[in-house]
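Engineer: What shape does this take:
(chains A and B)
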2 protein chains.
Amino acid sequence: MIAETISVGTEILLGNIINTNAAYLAEQYARLGISSYYQTVVGDNEERIRESVKLALSRSELVVLSGGLGPTQDDITKDVVAGLLGREMELNEAAALKIREFFAAKGKRMSTNNLRQAMVVKDALVLENGNGLAPGVLVELTKSEIAAVGKKGLKKQLIMMLPGPPEELTNIWEQQAVPYLQKLSGQVILSSMVKICGRSESEVAELLDDLIRKGGGGVTVAPYAKTGEVHVRVTAGAEDEKAAKKLLKPVIKEIKSRLGDSVYTTHEETTLEQAVADLLKANNLTVTTAESCTGGLIAARLINVPGASEIFKFGCITYSNKAKRKIIGVKRKTLDRYGAVSEQVVREMAEGAVDFTKADVAVAVSGLAGPDGGTEEKPVGLVYIGVNVCGTISVKEYRFKGNRMKIRNSAAACALIQLRHCILEYYSRMTFGEQENG
Amino acid sequence: MIAETISVGTEILLGNIINTNAAYLAEQYARLGISSYYQTVVGDNEERIRESVKLALSRSELVVLSGGLGPTQDDITKDVVAGLLGREMELNEAAALKIREFFAAKGKRMSTNNLRQAMVVKDALVLENGNGLAPGVLVELTKSEIAAVGKKGLKKQLIMMLPGPPEELTNIWEQQAVPYLQKLSGQVILSSMVKICGRSESEVAELLDDLIRKGGGGVTVAPYAKTGEVHVRVTAGAEDEKAAKKLLKPVIKEIKSRLGDSVYTTHEETTLEQAVADLLKANNLTVTTAESCTGGLIAARLINVPGASEIFKFGCITYSNKAKRKIIGVKRKTLDRYGAVSEQVVREMAEGAVDFTKADVAVAVSGLAGPDGGTEEKPVGLVYIGVNVCGTISVKEYRFKGNRMKIRNSAAACALIQLRHCILEYYSRMTFGEQENG
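Structural biologist: So this is what the prediction gives:
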């Protein structure tokens, strides 16, 4: 199937918002094995929306429109589609009831405009919105509609309209659209995301070269880079879920065997910080942070994991030298001799942070995020990251590129990766040591 | 002038990257008073790029393509445009020299593919890339080219090709494209961004209703909402810079007079955290943080301001109750009686953070970011923010919506806003007090 996204909204054309919906839908198509060749953005303008839908129908089987389903006079997506197909609009009673109840519960007067959200294209499927008042609308084009405005020769063509607010769009997509599309395809497409950290994109591409080129028997393997990470999407299609899983399994196993510990998850929703938090939890460890240039970014990522309180109690942002000395006991001599951005100072930060907080593990960072303050010897982008796992401290030097924000984000990502690596290493050594002794 | 963006890159269609270039260009068009009705994304496919350029030329005066100027065989943007116009490609010697020197300096062998980046459309303007090897290319269509593939009746049509990496695209846009377009328009378009915090979008829209509707004599006024903020773009066009400034000035003054202290800047590049850091610096104040649910986000924003070391020395992430007690002296009794998410605890956090760090100002946050842990009395989204300015403490209650990340980001934004507000209030009271006494 070929899908195409049309994002409706003047605010996107003005650069006021970034079009994350289009990226979300694009990734979802890839997950479902749906191809996509075009994305369009168009303003809240009747003629231009109509032209965009016509063009999309001339080349794609599934046209997904996002935005323009709200209560205001600007919200015209459904009317334009109905007009193009020559269908009437009708009130959907379930959606209307939900809107009336919403206002009644709030004790607010409902302006009649709000009922516009319950108007749908006649004979369309109504896709319930779990996070808002405007339902999605799915139109299966009739044969004569395909002949009139669709792509000749197609048996099936669909127009799906979703609301613009991301939490509403994703809710309808996941709850309603995905099951519908899977049923339609008669094929189950399964997809897994193998997430890798601590390896470069080219390194991963080289190690998986044959799998990426040939795939592995009906399976496609596609890598792409994130800050500090590489994600590899593995997709397989088969007649049923069991058969698709059977195709996926050996390929994922093969990737894991080639990349070893660098694979931190094969679950789509698991983030790096979640994986690190899980690892800490599994080993009954608490972690603390002593951040200088990252200034809270590492802690902020760890604390975004639900239930972070089990592993994170207290963290420090020791931005000044004085804070490094007074709070976490970095020696004045060390600061004077080596400077705040040095292997030695970060080592003492990682040591002192544990002493001060009594956490089991500490991650410490000091670096030059710029734009000023760089020298030939210590250029902007130089960052030291230290990790202390139950007394075993290791410090690594990094040289990051980009602006202040980019350097800080890269440092935070690498700190999480180094933290994970050091914990794994600590326990593998411990096991090895125990075996030797035993 | 009407402009249209075509983003070239299969990685966007796969959802692997978010199309921030399109948002950047859209905002830049708005700043320059250029209208834009469409954006398109297309993969690295010759036929589809050509069709997209043809369509764009049929309706827009300026077609900006981003991406596909790199060294690989996938990078075909320039070839497609040359083919469409029936022009040859030629080597740009300056760009070729730069590429050769780059590899020579690195002591690396240069594959011939790299010279593809120096190939440009014949008779085009070459736009120097200050951040990379691939120059931009600007083609002014000839009359016969406009007649053949352009929009009938137009005197001028332009195709601009820019590299995909954002730092390269923005460099060429700012250094080369903007001066060119301003000269071309024969009109100077000036634009200012009035940034407002602590007011809702509807409040701002109501206060500025007449200005938004009518503009003020050749000036357009357009508001839009960000997390915790409202930005109002004010744009004016005139024959020269002086005349444009003269148009802008009274409108900006009027907006400021209606919104008062809520306006934190009229400079495009100034962020809320920059404004807060400037305010602290101007009053010779240092700030500390005691963050629970935001877990470092407030500190991370403040430390993203270059030169943050002047105002930020040390911050705490007191996520556990024990950390709140032991580090910043929240009383066990207060925690037991009111719970960690309470006005009373946040007040003690704001007090204790100053005692502990000797900073002049503290901002403290405790809240329920979810997804679990909410009760009827204290639902997920309930957040208390306390600010201590030289001993004067005020605490506010907020109820945020959304997922864990959204609640935390909203809380961090509101903390910065409240911090700014409290400092302003402190000094206005002090001045008032001094006057009374004097």
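Engineer: switch to C-alpha atoms for all contacts and neighbour counts from now on
Structural biologist: Noted.
Engineer: so where is chain A shaky, pLDDT-wise?
Structural biologist: Counting by pLDDT under 70, chain A shows low-confidence ranges at A:215-217, A:432-438.
Engineer: From the recorded domain assignment, give the ranges for it.
Structural biologist: Using automatic domain parsing, the domain parsing of chain A gives A:2-185, A:188-265, A:272-437.
Engineer: Highest mean neighbour count out of those?
Structural biologist: The highest mean neighbour count among these, using mean count of other CA atoms under 10 Å in any protein chain shown, belongs to domain A:272-437: a mean of 21.
Engineer: Could you give the separation of that domain from the chain centroid?
Structural biologist: Relative to its parent chain, domain A:272-437 has a centroid offset of 24 Å by CA atoms, centre = their mean, to the nearest Å.
Engineer: so, in contact with chain B or not, the helix ranked longest in chain A?
Structural biologist: Using DSSP state H to define each element, chain A has its longest helix at helix A:404-437. Yes. Judged by CA under 8 Å from any CA of the partner chain, helix A:404-437 and chain B are in contact via A:404-405.
Engineer: go on, stretch A:344-356?
Structural biologist: No. For stretch A:344-356, no contact with chain B is found by CA under 8 Å from any CA; the gap never falls below 10.0 Å.
Engineer: got the contact list for that stretch?
Structural biologist: A:288-290, A:324, A:327-331, A:334-335, A:338-340, A:359-366, A:384-388, A:391, A:393-395 (CA atoms under 8 Å, 6 or more residues apart in numbering or on different chains).
Engineer: Now that stretch - C-alpha only, PDB.
Structural biologist: Extracted in PDB, the C-alpha atoms of stretch A:344-356 (Å, rounded to 0.1, in the frame of the first residue of the first chain):
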ATOM      1  CA  GLN A 344      41.300  14.300  37.200                       C
ATOM      2  CA  VAL A 345      38.500  16.700  38.300                       C
ATOM      3  CA  VAL A 346      35.800  14.500  36.800                       C
ATOM      4  CA  ARG A 347      37.300  11.500  38.600                       C
ATOM      5  CA  GLU A 348      37.000  13.400  41.900                       C
ATOM      6  CA  MET A 349      33.500  14.500  41.100                       C
ATOM      7  CA  ALA A 350      32.400  10.900  40.500                       C
ATOM      8  CA  GLU A 351      34.100   9.900  43.700                       C
ATOM      9  CA  GLY A 352      32.800  12.800  45.800                       C
ATOM     10  CA  ALA A 353      29.200  12.600  44.500                       C
ATOM     11  CA  VAL A 354      28.900   9.100  45.900                       C
ATOM     12  CA  ASP A 355      30.500  10.100  49.200                       C
ATOM     13  CA  PHE A 356      28.100  13.000  49.500                       C
END
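Engineer: Wait, a strand at A:Cys293?
Structural biologist: No. Under the criterion used here (DSSP: H, G, I helix; E, B strand; the rest coil), A:Cys293 is coil, not part of a strand.
Engineer: who touches stretch A:130-147?
Structural biologist: Here stretch A:130-147 has contacts from A:69-70, A:85, A:95, A:98-99, A:117-118, A:120-121, A:123-129, A:152, A:154-163, A:167-168, A:171-172, using CA under 8 Å, 6+ apart.
Engineer: Name the helix or strand for the closest residue to A:Asp372 other than its chain neighbours, please.
Structural biologist: Of all residues beyond its chain neighbours, the one nearest A:Asp372 is A:Val380 (7.4 Å), with distances taken as CA to CA, 6 or more residues apart in numbering or on different chains. Using DSSP states H and E, A:Val380 falls within no helix or strand.
Engineer: Please list all residues in contact with A:Val380.
Structural biologist: A:368-374 are the contacts of A:Val380 under CA under 8 Å, 6+ apart.
Engineer: again, but for A:Pro166
Structural biologist: A:20-21.
Engineer: Tell me how far whichever residue of the stretch 201-350 of chain A sits closest to chain B lies from A:Thr220.
Structural biologist: Residue nearest to chain B within the stretch 201-350 of chain A (CA to the nearest CA): A:Gly296, separated by 4.1 Å. Per CA to CA, to the nearest Å, A:Gly296 is found 39 Å from A:Thr220.
Engineer: Does A:Ser262 touch A:Gly198 like I think?
Structural biologist: Yes. Checked against CA atoms under 8 Å, the pair A:Ser262 and A:Gly198 is within contact range at 6.3 Å.
Engineer: Contact partners for A:Ile12?
Structural biologist: Applying CA under 8 Å, 6+ apart to A:Ile12 gives the contacts A:18-19, A:41, A:43, B:23, B:26.
Engineer: Distance to A:Ala225 and secondary structure added to those residues, as CSV?
Structural biologist: Formatted as CSV, those follow (distance: CA to CA, whole Å; DSSP: H, G, I helix; E, B strand; the rest coil):
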residue, distance to A:Ala225, secondary structure
A:Ile18, 20, coil
A:Asn19, 20, coil
A:Val41, 26, strand
A:Gly43, 32, coil
B:Ala23, 21, helix
B:Ala26, 26, helix
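Engineer: Of those residues, which is the nearest to A:Lys245?
Structural biologist: A:Asn19 (32.8 Å; CA to CA).
Engineer: Pretty sure that closest one sits against B:Gly15.
Structural biologist: No. Counting by CA under 8 Å, A:Asn19 does not reach B:Gly15; the two are 11.1 Å apart.
Engineer: Please name every helix or strand in contact with the longest helix of chain A.
Structural biologist: Where contact means 3 or more CA pairs under 8 Å, 6 or more residues apart in numbering or on different chains; DSSP states H and E, helix A:404-437 is packed against helix A:272-282, helix A:297-303, strand A:361-367, strand A:382-389.
Engineer: Need the distance between the two termini of stretch A:323-333.
Structural biologist: End-to-end distance (CA to CA), stretch A:323-333: 15 Å.
Engineer: ok, now which ones touch A:Thr220?
Structural biologist: Shown in contact with A:Thr220 (CA under 8 Å, 6+ apart): A:211-212, A:214, A:233-236.
Engineer: Now, these that are in helices?
Structural biologist: Counting by DSSP H, the contacts of A:Thr220 contribute A:211-212, A:214 to helices.
Engineer: Could you dump these into a markdown table with distance to B:Lys406 added?
Structural biologist: Formatted as a markdown table, the ones in helices among the contacts of A:Thr220 follow (distance: CA to CA, whole Å):
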| residue | distance to B:Lys406 |
| --- | --- |
| A:Leu211 | 38 |
| A:Ile212 | 36 |
| A:Lys214 | 41 |
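Engineer: May I see these arranged in TSV, with distance to chain B as well?
Structural biologist: Listed next are the ones in helices among the contacts of A:Thr220 as TSV, based on distance: CA to the nearest CA, whole Å:
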residue	distance to chain B
A:Leu211	19
A:Ile212	15
A:Lys214	19
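Engineer: Can you tell me which residues in the stretch 151-300 of chain A are near chain B?
Structural biologist: So far as CA under 8 Å from any CA goes, the stretch 151-300 of chain A lies against chain B at A:224, A:293-300.
Engineer: end to end, how far does stretch A:380-398 reach?
Structural biologist: First-to-last residue span, stretch A:380-398, CA to CA: 11 Å.
Engineer: Stretch A:58-65 now?
Structural biologist: Start and end residues of stretch A:58-65 are separated by 15 Å (CA to CA).
Engineer: that older thread, pick out the most distant pair among the contacts of A:Thr220.
Structural biologist: Within these, A:Lys214 and A:Arg233 form the most distant pair, 14.3 Å apart (CA to CA).
Engineer: how much space between A:Arg325 and A:Lys331?
Structural biologist: 6 Å.
Engineer: Sorry, slip of the keys, the one I care about is A:Ala26.
Structural biologist: 52 Å.
Engineer: And A:Thr265, by the same measure?
Structural biologist: For A:Thr265 relative to A:Lys331 (CA to CA), the value is 39 Å.
Engineer: re the thing from before, from the contacts of stretch A:130-147, which land in helices?
Structural biologist: Using DSSP H, the contacts of stretch A:130-147 in helices are A:85, A:95, A:98-99, A:167-168, A:171-172.
Engineer: Relative to B:Leu248, which of those is nearest.
Structural biologist: Sorting the ones in helices among the contacts of stretch A:130-147 by distance to B:Leu248 puts A:Glu167 at the head of the list, at 37.8 Å, by CA to CA.
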